[in-house]
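**Q** any chance you could fold what I've pasted below:
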Amino acid sequence: MLKLFRHIRKDLMESGNKIKYFKYAIGEIFLVVIGILIALQINNWNTNKANEKEAYNQLLEVQKEILNNSIEFDEKGTYYFEKLRDVRRVFADTLTLEDYQNSRSLRRIMLSSPNIVTQNEAYNKLIQNANNLPDKYKPLITDLKNLYNHSRFENSYDNLGVLQNQSFDIISGFSESLYREDFDAYFNFLLTSKDYKNRLGRFSWTLDDLAPELVDKKYDAISLYNKMIALGFPDDGRAVLKTMYLDVTPKMAEPFIGSYTNAVDTVRIYFQNKEFLGYKSKYNFSDKLRMRDSLTLNLAGADLEFNTDKSEFYFLMEAQKPIFKKIP
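**A** Numbering: from 1, shown residues only. As a prediction, the model looks like this:
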């Protein structure tokens, strides 16, 4: 091609036709510019593809991290909700000495708080390069920042640790009898002590912040994981997530549907437009319902604990409030 251009240029120069030569020169410059622009475009395309591949690989690691964190939120959220159930039993004043003898979790409500271990290395690497992400991935950044903001449950967990350390002085007063394996004196103390219940009350309110926050984090993680699948990321963790996420169907919702009332309020549970909803008459408030398990619904962060035939429920941490009974 270059040889041809040289040949044309030579012929025009020898012909002495300056106008034709001038036109040819402009055309040759135009072709060179077009070539440069095409080369730049190809280079930009290659660079963008490389950046997109790098961003995809980074987000792929974040997706794995989200899956692992959702499992952690599920396990620890379930653990701390079980503690809330034990607290409810204590404040219901129906426990006996035999209950404490048979239940390790009851007598250790304030004595065990396993660490909440989350992963964030992949996220931290990604966020340093957030401005360079391809446009199709940028909407994920806000969700990621919200998901990885752990300040609320970390604060609650730290407060739980302080209260737990303060509770060890309870055991220290029974160290001799516990050493002799005489546990009943300690269990009777747990049954009757107002000081213990006061401490447990403060502990329970911290639990009531921690447990729902961990559950919310789990659902946020699952939602974000599914958004990434919709963007073309693999769904290798779908089987794991199915064990943690109950997608409520009309059939699953049916046993709960109805109105429940007590002396101060009425709660209506219904299924409408493919959504499971709850309504509180006292506050004229409605919101989506989530199903934690076969006996527990969650309404705006509050857990409704049902009996087996779904004829009544109570709010988990409102032990002094009357039970809600279903209106026939």
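**Q** centroid residue for this structure?
**A** Centroid-nearest residue in the chain: residue 217, 2.2 Å away (criterion: Cα atoms, centre = their mean).
**Q** mind listing what that residue touches?
**A** Applying Cβ atoms under 8 Å, 6 or more residues apart in numbering, we find residue 217 in contact with 69, 70, 73, 77, 147, 150, 153. Where you see a C-beta, it was placed from the backbone N, CA and C, and this is true even at glycine.
**Q** tell me which element it is part of?
**A** helix 194-230 (DSSP states H and E).
**Q** please pull up the helix or strand immediately following that helix.
**A** Next along the chain after helix 194-230, taking DSSP H and E as the criterion, comes helix 238-242.
**Q** before we move on, back to that, got the contacts of residue 217 as TSV, with pLDDT, distance to residue 88 and neighbour count columns?
**A** Output for the contacts of residue 217, formatted as TSV (pLDDT from 0 to 100; distance: Cβ to Cβ, whole Å; neighbours: other Cβ atoms under 10 Å):
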residue	pLDDT	distance to residue 88	neighbour count
69	95	28	24
70	94	26	26
73	94	22	25
77	90	16	24
147	95	30	22
150	93	27	16
153	91	21	24
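**Q** quick one: which of these is nearest residue 266?
**A** residue 77 (28.9 Å; Cβ to Cβ).
**Q** helix/strand/coil for the closest one?
**A** helix (DSSP: H, G, I helix; E, B strand; the rest coil).
**Q** neighbours around the residue nearest to it when sequence neighbours are not counted, how many?
**A** Excluding its sequence neighbours, the residue lying closest to residue 77 (Cβ to Cβ, 6 or more residues apart in numbering) is residue 214, at 3.5 Å. Around residue 214 there are 25 other residues, counting by other Cβ atoms under 10 Å.
**Q** what of residue 41?
**A** 10.
**Q** how about it, what does it touch?
**A** With contacts taken as Cβ under 8 Å, 6+ apart, residue 41 has no neighbouring residues.
**Q** for it, what is the enclosing helix or strand?
**A** Using DSSP H and E, residue 41 falls in helix 18-91.
**Q** can you name the next helix or strand after that helix?
**A** Downstream of helix 18-91 (by DSSP H and E), the next one is helix 97-102.
**Q** which elements pack onto that following helix?
**A** helix 104-107, helix 184-192 (3 or more Cβ pairs under 8 Å, 6 or more residues apart in numbering; DSSP states H and E).
**Q** using TSV, lay out those helices together with distance to residue 255.
**A** Converted to TSV, these look like this (distance: least, Cβ to Cβ, whole Å):
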stretch	distance to residue 255
helix 104-107	28
helix 184-192	35
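**Q** where does the stretch 1-150 of the chain have low pLDDT?
**A** 1-33, 35, 38-40, 42-50 (pLDDT under 70).
**Q** do that again at 80, thanks
**A** 1-52 (pLDDT under 80).
**Q** thinking again about what came up before, wait, which of the helices and strands packed on helix 97-102 is closest to residue 312?
**A** helix 104-107 (23.2 Å).
**Q** next, the buried residues of that closest one.
**A** 106, 107 (16 or more other Cβ atoms under 10 Å).
**Q** I'm done for today, thanks for sticking with me.
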